[in-house]
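Peer 1: predicted model and sequence follow; I will ask about them next.
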Amino acid sequence: MSKIITTIVILIMCLNPMTAFAAGTEVTSNDLIDKAAEYDGCEVVYAGEIIGDIMARGDYTWINVSDGSNAIGVWVKSSNLQGIDTAGRYNMRGDTVRITGIFYRACAEHGGDLDIHATKIELTENGYAITHTVDPVKVVLSILLLAGAMTCIVIMFKKRKVKKLL
Amino acid sequence: MIKKRVSRLLPICYYIGIVIVGLGIIQYIPLITALIYKEWDIACNFIISSSIALILGGTIILRCGKYRSQKLGWGEGMVVAAGSWFVGMIFCALPYYMSGNYLSYLDCCFDVMSGFTTTGLVLIQDLDHISNGINMWRHLLTFVGGQGMVVLALTFLVKGTNGAYKMYVGEAKDERLMPNAVSTARYIWLISLIYLGIGTIVMWIAGIMAGLSVDRALFQGLWVFMSAWSTGGFAPMSQSVLYYHSSFYEVVTMVFFIIGSFNFALHYAVLTGRRRELVRNIETVSFSVTVTVLTLITTLGLLRLNVYPDAVALFRKGFYQLISGHTTTGFMTIYAKQFYLEWGDVALFSMIIAMMIGASACSTAGGFKGLRVGIIFNAFKKDVKRMVLPESMVSVQKIHHIKDIILEDNVARSALLIVAAYIMTFIFGTLMGMLCGYPFGISAFESASVTGNVGLSIGLTQVSMPAVMKVTYIVIMWLARLEFMSILALGVYFITKVKKRCQRL
């Protein structure tokens, strides 16, 4: 019995690396950068928030998708981006997407970029506006300090004028 | 006869006060940006920070104003330059700290010093979601630092020329384009502002072609140009220039940071019609030779490991990082970790050499400069000639830098001294990295990047790195940017003060 268990364990251990790079493996940006050579040319599934801009280039579009650690460039057919239009910025949380595509360590089509050519893109969470509240104490402090700075500048100019007159 | 006591400290304070006021005034630029984008919280931060700088700077000027006619010595000029950079760092970190994008005030100071010294390493959190106001501030700091903070104050806030040249030299700029330092400083700013206008328009067009919206392309174009021209390395997005996935954008940035890395005296010569200076100048010759040799080494290193699939990729990744490192810019089109995971030792070695050499003297760039490489090479040639040829056949060795200069031993000695200081600083930075537990290769690469004020990272510079490393890097960036002398002068000044205090006690 113990021999059978050992054989099964060994088999699982041997198969694990193969299954890790099989079609549709869920990966993080750190996985893609750290093990770029291993994932090169493989189909991967990568999820994250679209940040910055959605950059249309004819039939295709570049998006940069961040999973919190790094942002990875994704080359996607523009027609596949229907309903995906919000990119993350200061006052916006971008659309969260799940991308299935081929990963390239140094893409020959894109001048050696580390990128994913998406075959499928799913919107998992819509982007939304982020409101940044202003602290009232900060507002009062700003007004007081601004008044102080203006007074200081006025005194400086007056002193200069007096000196010039003397 | 009663000897009038002359204060050395108060005139120094007066000029530092002027720099603080200058830094307070320029905060109105990110303030306006924040107001345009309705970032009210960020706008409040800039009002607070700018007002504090104006009040403190103004008070210092009022208190020390009567000493402004007092002549500044070389030591005092240097202390003003070094002191302004340190005090400036403390003041300019305030908007960063209040923005909530940093974990500590030390991290804010690190980013400010990195901006001022045009290094470009960052500890900011969540860069892809920061406000436009803060982004404007980051790039403005690097633009001001590139031309020089004291140069800025001399240009806009100082009327007389008393002691101006000493402060100007203290900021590691010693070319006199005009009869005096104030008009030279004004000319430096004029050149930079003309390029800023042209560069922003070109980058704007490149941004629109890359697929950015019109307003985003304009602001990002302005920021990326500021950074490229100043050989800074800050970028609005965490992926640096890789973010744009555009070869045109990369080429345009490359052109601007190469132009930005040239000596202001060379710009002046070319703009006044002496175009032959471009091919005759020792700095451009030295730069061309080192770029060619290092490109060959990097290419060999990358080809040996088959890192990139074709020549285009080699150019956009290999050559781009190399030229970005050589001009001490720090823009990247790869991820930091790819350096040590993929590039191999040969290419990394070449990168370290490129970052240490840097670009031109009296420019926005760092490193020990092509001018010194040229001087040392020619001095070496002269010595070899002396040994090999009969004495009667050894002629005077000349170098061409704006005009023909006879290469004397003292010129070669001072060039060697500065290069030695850079190498010792690099060794110290590497050692500190290793003491903090980082491997030799990683420590050496990051230390070369910090010492050369480059900003390319192999992944060591992170928020999680020990505070002692952050402080070490701040000091190295400061030392290297001002080329050691003014900070040594500041150190000596304080030691003398402390000694005097102790004697009185």
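Peer 2: Now that the structure is in, tell me what you want to look at.
Peer 1: by residue count, what's the longest helix in chain B?
Peer 2: Identified as the longest helix of chain B according to DSSP state H is helix B:181-210.
Peer 1: next helix or strand past that one?
Peer 2: helix B:214-229 (DSSP states H and E).
Peer 1: chain center to that following helix, what's the gap?
Peer 2: Remark: helix B:214-229 is offset 19 Å from the chain centroid, using CA atoms, centre = their mean, to the nearest Å.
Peer 1: now check it, is it near chain A?
Peer 2: Yes. Using CB under 8 Å from any CB of the partner chain, helix B:214-229 reaches chain A at B:Arg216. Placement of C-beta: from N, CA and C, glycine included.
Peer 1: mind listing what's buried along that helix?
Peer 2: By 16 or more other CB atoms under 10 Å in any protein chain shown, the buried positions in helix B:214-229 come out as B:216-229.
Peer 1: export the residues you listed to CSV and append columns for distance to B:Thr364 and pLDDT.
Peer 2: Output for those, formatted as CSV (distance: CB to CB, whole Å; pLDDT from 0 to 100):
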residue, distance to B:Thr364, pLDDT
B:Arg216, 25, 95
B:Ala217, 24, 97
B:Leu218, 22, 97
B:Phe219, 21, 96
B:Gln220, 20, 96
B:Gly221, 18, 97
B:Leu222, 16, 97
B:Trp223, 15, 97
B:Val224, 15, 97
B:Phe225, 12, 97
B:Met226, 10, 96
B:Ser227, 10, 96
B:Ala228, 10, 96
B:Trp229, 7, 95
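Peer 1: hey, where'd the strands end up in the stretch 401-505 of chain B?
Peer 2: Assigned by DSSP state E, counting those that start in this stretch, the strands in the stretch 401-505 of chain B fall at B:403-406.
Peer 1: show me where pLDDT drops low in it?
Peer 2: Scanning the stretch 401-505 of chain B for pLDDT under 70 picks out no residues.
Peer 1: nearest residue to the middle of chain A?
Peer 2: A:Ser66 (2.1 Å; CA atoms, centre = their mean).
Peer 1: now do that one against chain B, distance only.
Peer 2: 6 Å (CB to the nearest CB, to the nearest Å).
Peer 1: wait, that residue touches A:Glu49, no?
Peer 2: Yes. Between A:Ser66 and A:Glu49 there is a contact at 5.4 Å, judged by CB atoms under 8 Å.
Peer 1: overlap in contacts of these two?
Peer 2: Listed as contacting both A:Ser66 and A:Glu49 by CB atoms under 8 Å, 6 or more residues apart in numbering or on different chains are A:Gly88.
Peer 1: show me where the stretch 251-400 of chain B has helices.
Peer 2: B:264-271, B:277-280, B:282-304, B:311-313, B:320-326, B:336-338, B:344-357, B:370-388 (DSSP state H, counting those that start in this stretch).
Peer 1: so which of those comes closest to chain A?
Peer 2: Minimum separation from chain A across the helices of the stretch 251-400 of chain B (CB to the nearest CB) falls at helix B:311-313, 2.9 Å.
Peer 1: tell me how far that closest one is from the chain's mean position?
Peer 2: Using CA atoms, centre = their mean, the distance between the centre of helix B:311-313 and that of its chain works out at 30 Å.
Peer 1: do the same with stretch B:431-441
Peer 2: So, by CA atoms, centre = their mean, the centroid of stretch B:431-441 is 24 Å from its chain's centroid.
Peer 1: element containing residue 154, please.
Peer 2: This is for chain A. Here A:Val154 is assigned to helix A:136-165, by DSSP H and E.
Peer 1: chain B is the one I meant
Peer 2: Using DSSP H and E, B:Leu154 maps to helix B:149-156.
Peer 1: list the buried residues in that helix.
Peer 2: B:Met149, B:Val150, B:Val151, B:Leu152, B:Ala153, B:Leu154, B:Thr155.
Peer 1: and the angle from that helix to helix B:181-210?
Peer 2: If you take axes from the mean of the first three to the mean of the last three CA atoms, to 10 degrees, helix B:149-156 sits at 110 degrees to helix B:181-210.
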